[in-house]
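> What shape does this take:
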Amino acid sequence: MQAVRAGQHALLIAPTGGGKTLAGFLPSLTELAHTPTEHLHTLYISPLKALATDIARNLQAPIREMDLPIRVETRSGDTPANRRARQRDRPPHLLLTTPESLALLLYAPGAADYFAGLRMIVIDEVHALAGTKRGDQLALCLARLSMLAPAARRIGLSATIAHPDAMQRWLSPDGRGSETTLITGAAGSAPVIEMLVAPVRMPWAGHMGLMAAGAILERIKAARMSIVFVNTRAQAELMFEALWRHNDDTIPIALHHGSLAVEQRRRVEAAMANGALRAVVATSSLDLGIDWAAVDQVIQVAAPKGVSRLMQRLGRANHRLDEASHALLVPANRFEVLECVAAMASAAAGELDGEPPRPGALDVLAQHILGCACAGPFHPDALFAEISRAAPYADLARTDFDDVLRYVEDGGYALAAYERYRKLFRDAAGLVHVMNQKVVRQCRMNLGTIVEAPTLKLRLGHERGPMLGEVEEYFAAMLRPGDTFLFAGRRLNFVGLRETSLIAVDGGVGEPKIPAYMGGRMPLSTHLADRVRALLQRRADWDQLPAPVREWLEMQALRSELPGEANLLVESFPRGGRWYLVAYCFEGRQAHQALGMLLTRRMERFGDQPLGFVATDYVLGIWSARPPQDIARLFAPDLLGDDLEEWLAESAMLKRSFRAVAVIAGLIERLHPGGERNRRQITINTDLIYDVLRKHEPDHILLRATRADAAHGLVDLSRIAGMLNRIQGRITHRALPRVSPLAVPVLLEIGREPISGLSAEEALLNEAAALVAECFNDPQADPAPLALRAAM
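Just a heads-up that it's a prediction; the model follows:
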């Protein structure tokens, strides 16, 4: 690339199949062909170990064809110790790695010599890293590399970037976007996206899409090879079982998600690469990178929740610019039909969504500061200047940096008396040193920003039996001996727990439970929410909706009204001795859950006696003993003032968030010599420390990091604040005599378990029929619409 040859850094945005990965390596291959070296020349950084392995394999072909003496190797947590040692003594020319493995290399004492000859840094799938804690860690590592290898140029690669200016800043060596060229590849053939509506009654609620399994299987049979994407691991297990229930021809279909054993995932990937499968049911574990040329169809079951996510998944099919990628969207309920139509319109318009990268997390900064000390002494002024060159920390205040450094030194004011928190010291010249080698070992053992819920190894037969994968501790706690559950496409019978293993045997009867995983559900993007609101108002576009959905909206307009693009529609009605308030916010499940907590607190003060609430991606429903009063005051912007602070202070949400922050910042070690701390130990320790800090040092840096995490992730305050400001003076309250058609789906969610099977979906249909009959039970209504009930 000319930009790189001119000494510039480059952000390359090109569609999947456009050859951007090879383009990212071409400058390296060219330079190494003309100017051989024995030093590490190029770093390739990928968010996935499997992607790095795949790229390394693909690079070997052009290297062999050009007969170049270039060594290519991968490095990750799975790399054997002898290979890691060899890579330190004789670095490859091209090293393909992950952010965590790069951090380990940089925090080693010999890092300055190891990276001195580095000339190129290629960051693949950059959109998947920027704006996350892994991305914060990588940005800090890139800033350190700029000091160790100032001649190294950076190349960022992505097919889906919604905010290219922000991404240029993230990629640039000064954190401000200078010396970074944006290169946009030619667009390929427009994708072909269809929507499949199963030939059964249109579901009112539910998120699994299992009733469409038979129709999905027919589309799989009609294609060469398909990836069936779902949004959660639990949904993957259920859909896999549902497809095989219909698969009388036994066409080969496999399962792939992050909790399966590595060996099983690798077998599935190899079978796909060899053309031995017709389909694989997958989660985001296959969102990125691994390119199988034989895949000609992507099926998305349940709404995609974001246009960029849809386009990323669509890119797994037909890796050729001159051939259209084919995708099939399978909505799981009526609201998801609207979302799928909105996503198709956005894709046709070439729109992408996603939030720009947020400011860097302070717990990640704490881990980085300790890592830098492990590599060698530093002066605080020099390290602050270096860190400020990382885009997420470009606006970091010096006082915040000093507070984080003080925490890493001795835990901060409230914890300074405890020796275990003393990790750094300063010499007479002001240089900061690591306290001892024990601190170095603990740092290296606990490096990384991915804090997953504690898991148990799932073993077949006995504690030394074959491992099928991992399930989370909280799911295991729900099981009793004899319970049946699904995992890896197998029906298993729970035997018991043995230390860190869950023991099961094949078989089992009855409705199986499905392991659910924390954080599995993805929120509806702001962009798609806006599109759905617009679709509700543009009746001219309703002709692309299935008849049951179109008639559902017509009934809503007749019985109440439709949500507007800028206003907030709130309905209230009595039912079963309770009063219901339904708000059509369209801000995503996460924001709605927080909003439900805040509104019920306020309703208590107003004397409405709230009894509970339920949140979906589209709607918030609250039920109370008394009719809700003063709706406009209920949704006033000061909801995010005292109500928010009181709720956060009382809820367990901040404690859960603090646990993750404490682990990343090194306050609590997940791993230590002799074994791994269990969930109960971590919870007890962090809860005690959280209470101490809140009482004695409420402005402690880790509490500030916790509040920032909660605002960005757990609570999604920015979306709530934006909605409250947007709707002021634009709230429409409709007091109805009974449930409205649009409110039926949210009422069906009340009391549901988070995971359900096919029989539960059938029960939902029956319950929906009863609700619809109630909705239409109005003797004063126009009789013509009543005929539509049969179709609904």
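> only C-alpha atoms for contact and neighbour calcs from this point on.
Fine.
> For the protein, name the helix or strand with the lowest mean pLDDT.
strand 675-676 (a mean of 56; mean pLDDT, DSSP states H and E).
> Give me the secondary structure label for Leu497.
At Leu497, secondary structure determined by DSSP: H, G, I helix; E, B strand; the rest coil is strand.
> And the pLDDT at it?
On the pLDDT scale, Leu497 is placed at 80.
> Can you give me the neighbour number for it?
A count of nearby residues for Leu497, using other Cα atoms under 10 Å, gives 21.
> Would you mind confirming that it is in contact with Ala504?
No: look at Leu497 against Ala504 with Cα atoms under 8 Å: they stay out of range, at 9.0 Å.
> what's Ser346 in contact with, if anything?
Val307, Leu352 (Cα atoms under 8 Å, 6 or more residues apart in numbering).
> Name the helix or strand for it, please.
helix 334-348 (DSSP states H and E).
> Mind listing what's buried along that helix?
334-347 (16 or more other Cα atoms under 10 Å).
> same deal with stretch 323-330?
In stretch 323-330, counting by 16+ other Cα under 10 Å, buried: Ala324, Ser325, His326, Ala327, Leu328, Leu329, Val330.
> For those, give me TSV that also has pLDDT and distance to Arg358.
Formatted as TSV, these follow (pLDDT from 0 to 100; distance: Cα to Cα, whole Å):
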residue	pLDDT	distance to Arg358
Ala324	75	34
Ser325	80	32
His326	87	33
Ala327	89	31
Leu328	92	33
Leu329	94	31
Val330	93	32
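> Keep only those of those residues that are in strands.
His326, Ala327, Leu328, Leu329, Val330 (DSSP state E).
> The second one bridge partners, please.
Here Ala327 sits in beta bridges with Ile193, Val298, going by DSSP bridges.
> Can you show me the strands along the stretch 51-200 of the chain?
72-75, 94-97, 120-123, 153-158, 180-184, 192-195 (DSSP state E, counting those that start in this stretch).
> what is the orientation angle of the longest one with strand 180-184?
Between strand 153-158 and strand 180-184, the angle formed by their directions is 30 degrees, by axes from the mean of the first three to the mean of the last three Cα atoms, to 10 degrees.
> Can you list the strands that strand 153-158 pairs with?
Strand pairing (DSSP bridges) places strand 153-158 next to strand 9-13 (parallel), strand 120-123 (parallel).
> Quick one: closest of those strands to Glu218.
Across the strands paired with strand 153-158, Glu218 has its closest neighbour in strand 9-13 (35.2 Å, Cα to Cα).
> May I have that closest one as PDB, with CA atoms only?
Output of strand 9-13 as PDB, limited to C-alpha atoms (Å, rounded to 0.1, in the frame of the first residue of the first chain):
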ATOM      1  CA  HIS A   9      -0.400   4.400   9.200                       C
ATOM      2  CA  ALA A  10      -3.600   3.100   7.500                       C
ATOM      3  CA  LEU A  11      -7.100   2.100   8.200                       C
ATOM      4  CA  LEU A  12      -8.400  -0.200   5.500                       C
ATOM      5  CA  ILE A  13     -12.100  -0.700   5.300                       C
END
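> Show residues contacting that strand.
For strand 9-13, the external contacting residues (Cα under 8 Å, 6+ apart) are 3-4, 20, 153-161, 167-168, 171-172, 179-185.
> Return the mean pLDDT over that strand, rounded to an integer.
89.
> Would you state the strands of the stretch 501-650 of the chain in chain order?
Assignment of strands within the stretch 501-650 of the chain using DSSP E, counting those that start in this stretch yields the ranges 501-506, 568-575, 578-583, 610-615, 620-624.
> winner for burial among those strands?
strand 620-624 (a mean of 25; mean count of other Cα atoms under 10 Å).
> Dump the strands of the stretch 501-650 of the chain to TSV, plus distance to Val739 and mean pLDDT.
Output for the strands of the stretch 501-650 of the chain, formatted as TSV (distance: least, Cα to Cα, whole Å; pLDDT from 0 to 100):
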stretch	distance to Val739	mean pLDDT
strand 501-506	45	88
strand 568-575	6	95
strand 578-583	9	95
strand 610-615	15	87
strand 620-624	12	92
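> Among those, single out whichever gets nearest to Met311.
From those, taking Cα to Cα, the stretch that ends up closest is strand 610-615, at 26.9 Å.
> Just name whatever secondary elements the closest one is in contact with.
Under the contact criterion of 3 or more Cα pairs under 8 Å, 6 or more residues apart in numbering; DSSP states H and E, strand 610-615 touches helix 589-606, strand 620-624, helix 744-749.
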